[in-house]
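Colleague: Sequence plus the predicted model coming up.
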Protein chains: 2
Amino acid sequence: MTEVFELETFLPYRLNRAAEFVALRFAAQYKARYQLTRPEWRTLAALGSSERPMTATEIGAHSSMHKTKVSRAVFGLEQRRWLKREEDGRDRRVEHLALTPAGKQAYRELTGLASRYQAELLSMLGAENVEALSNGLQAVERAMRKAGASGSAALT
Amino acid sequence: MTEVFELETFLPYRLNRAAEFVALRFAAQYKARYQLTRPEWRTLAALGSSERPMTATEIGAHSSMHKTKVSRAVFGLEQRRWLKREEDGRDRRVEHLALTPAGKQAYRELTGLASRYQAELLSMLGAENVEALSNGLQAVERAMRKAGASGSAALT
DNA sequence: AATCAATAGTTACGCTTGCAACTAATATGC
DNA sequence: GCATATTAGTTGCAAGCGTAACTATTGATT
């Protein structure tokens, strides 16, 4: 039984490579046009989709980012004047973060890009493949929630 | 039509998060036991599965790694005495890399870990979900080959 | 009320990364 | 045969990263 291990068949490797490929093609767009980092884009997306202001902690939970990443992304967006901080009257540790008009405008443009990219992926991969991929990812997402706070080093 | 963009439904985001989750759980194992980095593990896996020695360039192509990553990983494995370099008689730019006996031993142990982890994933996610995921990934892999040398910044 | 624990967010530090520039060797065009 | 381009692999550098430590504030225990 000389079972040879092949990297090509190893799920973590395949997932990683696919994620890199898919994410990089999109990242290239917002990096080129807006000089935005990925944490900044995610923060923008989180804030833009929310009715009310969010705290940094909420952003981290919503977009699966470590708090230091969020902190730096918030700082970056603040410098661009795409978001503003508002203090909480009751708890002075907390900051309520909301997009400025310029931030909302950027959000609209970037989510436009994102939607177009999503559509491009769909036609590139085929609807039934995207469906399968999505179902598979859903299973991983369930597993993540189950492993939850315990396992993820990404959110420590 | 106030179509709200939701990060949760954005494929690049979902792929990235799932890949991080799945890869990190495995990386924790080889980091803890062998203090191995991911590029080192990938290099080891590439070399171990090959009959004959490989060049650094071949390793990069086989395991989707930038040449600087490969260069550093090779250096690391060399220091551990898990691999040896052999010069090419005809072309002195090229190095032929092969695992030492200690390297082969490590390869066996680590691929054992990997296989067990793969099995754990299968039971964790369910066979039919892994099947779906795998099919979806295959579509991405086809797209990668098609976009090929042109698109990938990861292999520049 | 005083202490100790927990939480929100920031920062210092060392490590990893990718890009670009580099060295060395070989291949190509004229 | 000489100049130029290309290829293999390495390295300097700046940027991004996570860990741990930190400040500031609030909550819990007694």
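Modeller: Great, that's in hand. Residues are numbered from 1 along each chain as shown, chains lettered A, B, ... in the order given.
Colleague: For DNA strand D, what's its nearest residue on chain A.
Modeller: Relative to DNA strand D, the nearest point of chain A is A:Arg92 (3.7 Å; CB to the nearest atom of the strand). For glycine as for every other residue, the C-beta is placed from the backbone atoms N, C-alpha and C.
Colleague: Could you see whether chain B lies near the host helix or strand of A:Arg14?
Modeller: Using DSSP states H and E, A:Arg14 maps to helix A:11-34. Yes - for helix A:11-34, a contact with chain B is found by CB under 8 Å from any CB of the partner chain, at A:11-26, A:28.
Colleague: ditto for stretch A:72-82
Modeller: No - against chain B, stretch A:72-82 shows no contacts by CB under 8 Å from any CB, the least distance being 13.4 Å.
Colleague: Mind listing residues that contact that stretch?
Modeller: For stretch A:72-82, contacts defined as CB atoms under 8 Å, 6 or more residues apart in numbering or on different chains pick out A:37, A:39-40, A:42-44, A:56, A:59, A:65, A:83-85, A:97, A:99-100, A:102-103, A:106.
Colleague: if we look at DNA strand C, which of the residues you listed are close to it?
Modeller: Subset of the contacts of stretch A:72-82 in contact with DNA strand C: A:Ala56, counting by CB under 7 Å from any atom of the strand.
Colleague: Please flag which of the contacts of stretch A:72-82 sit within strands.
Modeller: The strands, defined by DSSP state E, take in A:Leu83, A:Lys84, A:Arg85, A:Leu97, A:Leu99 from the contacts of stretch A:72-82.
Colleague: picking up where we left off before, next, the angle from the helix holding A:Arg14 to helix B:11-34.
Modeller: 130 degrees (axes from the mean of the first three to the mean of the last three CA atoms, to 10 degrees).
Colleague: How about helix A:11-34, which residues are buried there?
Modeller: A:11-27, A:29-30, A:34 (16 or more other CB atoms under 10 Å in any protein chain shown).
Colleague: before we move on, back to that, per-residue confidence at the residue of chain A closest to DNA strand D?
Modeller: With respect to pLDDT, A:Arg92 has a value of 94.
Colleague: go on, the one 3 residues further on?
Modeller: Predicted confidence (pLDDT) for A:Glu95: 96.
Colleague: number of nearby residues for it?
Modeller: Using other CB atoms under 10 Å in any protein chain shown, A:Glu95 is surrounded by 17 other residues.
Colleague: residues contacting the nearest residue to it once chain neighbours are set aside?
Modeller: Leaving aside its chain neighbours, A:Glu95 sits nearest to A:Arg85 (4.6 Å; criterion: CB to CB, 6 or more residues apart in numbering or on different chains). Counting by CB under 8 Å, 6+ apart, A:Arg85 touches A:Val74, A:Glu78, A:Glu95, A:His96, A:Leu97.
Colleague: ok, which pair from those residues is furthest apart?
Modeller: Largest separation among the contacts of A:Arg85 by CB to CB: A:Glu78 and A:His96, giving 13.0 Å.
Colleague: re the thing from before, would you mind naming the helix or strand containing the residue of chain A closest to DNA strand D?
Modeller: A:Arg92 belongs to no helix or strand when assigned by DSSP H and E.
Colleague: Local confidence estimate at the nearest residue to A:Trp82 once chain neighbours are set aside?
Modeller: Of all residues not flanking A:Trp82 in the chain, A:Gly103 sits nearest, at 3.4 Å (CB to CB, 6+ apart). Per-residue confidence (pLDDT) for A:Gly103: 97.
Colleague: contacting residues for A:Gly103?
Modeller: A:Leu44, A:Leu47, A:Gly48, A:Leu77, A:Arg80, A:Arg81, A:Trp82, A:Leu83.
Colleague: mind listing what the closest residue to the third one other than its chain neighbours touches?
Modeller: Distances taken as CB to CB, 6+ apart put A:Tyr107 closest to A:Gly48, at 3.4 Å, once the chain neighbours are dropped. Each residue near A:Tyr107 by CB under 8 Å, 6+ apart is listed here: A:Leu44, A:Ala45, A:Leu47, A:Gly48, A:Leu99.
Colleague: hey, which helix or strand in chain A has the poorest pLDDT?
Modeller: Lowest on mean pLDDT, DSSP states H and E among the helices and strands of chain A sits helix A:127-151, with a mean of 88.
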